[in-house]
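# Following is a predicted model, sequence given first.
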Amino acid sequence: VQLQAFGGGLVQAAGSVRLACSASGRSFKGYVMGWFRQAPGKERQIVARPSWRNVSEYYADAVKGRFTISRDVAKNTMYLQMNSLKPEDTAVYYCAAGPDVRTITKYWGKGTLVTVSS
């Protein structure tokens, strides 16, 4: 079971980045997935979660209106489109998956660093 996040890098403020999370080793069709981030010196927090079956879509207040999450079940891939980036969005972004919302962090992927310069 493996989750891998891609797409991080250095971007200027107000710019955009698209992250992808690819799942392999098993099918995550029945799983809840989400994006988390951890800024330097801060705890890891959930950023967004796509709607799936009886689980509603979720965005952290800090990213509402700027980030869009999506999921391609056939490709076992989840995306995070990040627009209007701010320096405070700088963090390592991780994808996670689990059987339900409470266990969404059962599986973690290696993170990808997004650095937003001012």
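Sure thing, it's come through. Not measured: the values here are computed from a predicted model.

# Is residue 102 in a helix, a strand, or coil?
Counting by DSSP: H, G, I helix; E, B strand; the rest coil, the backbone at residue 102 sits in helix.

# tally of neighbours for it?
Residue 102 has 9 neighbours, counted by other Cβ atoms under 10 Å. (Each C-beta comes from the backbone N, C-alpha and C, glycine too.)

# Next: residue 7.
If you count neighbours by other Cβ under 10 Å, residue 7 ends up with 16.

# quick one: contacts for it?
17, 18, 19, 20, 112 (Cβ atoms under 8 Å, 6 or more residues apart in numbering).

# could the residues you listed be laid out in JSON lines, adding secondary structure and pLDDT?
Converted to JSON lines, the contacts of residue 7 look like this (DSSP: H, G, I helix; E, B strand; the rest coil; pLDDT from 0 to 100):
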{"residue": "17", "secondary structure": "strand", "pLDDT": "98"}
{"residue": "18", "secondary structure": "strand", "pLDDT": "98"}
{"residue": "19", "secondary structure": "strand", "pLDDT": "98"}
{"residue": "20", "secondary structure": "strand", "pLDDT": "97"}
{"residue": "112", "secondary structure": "strand", "pLDDT": "97"}
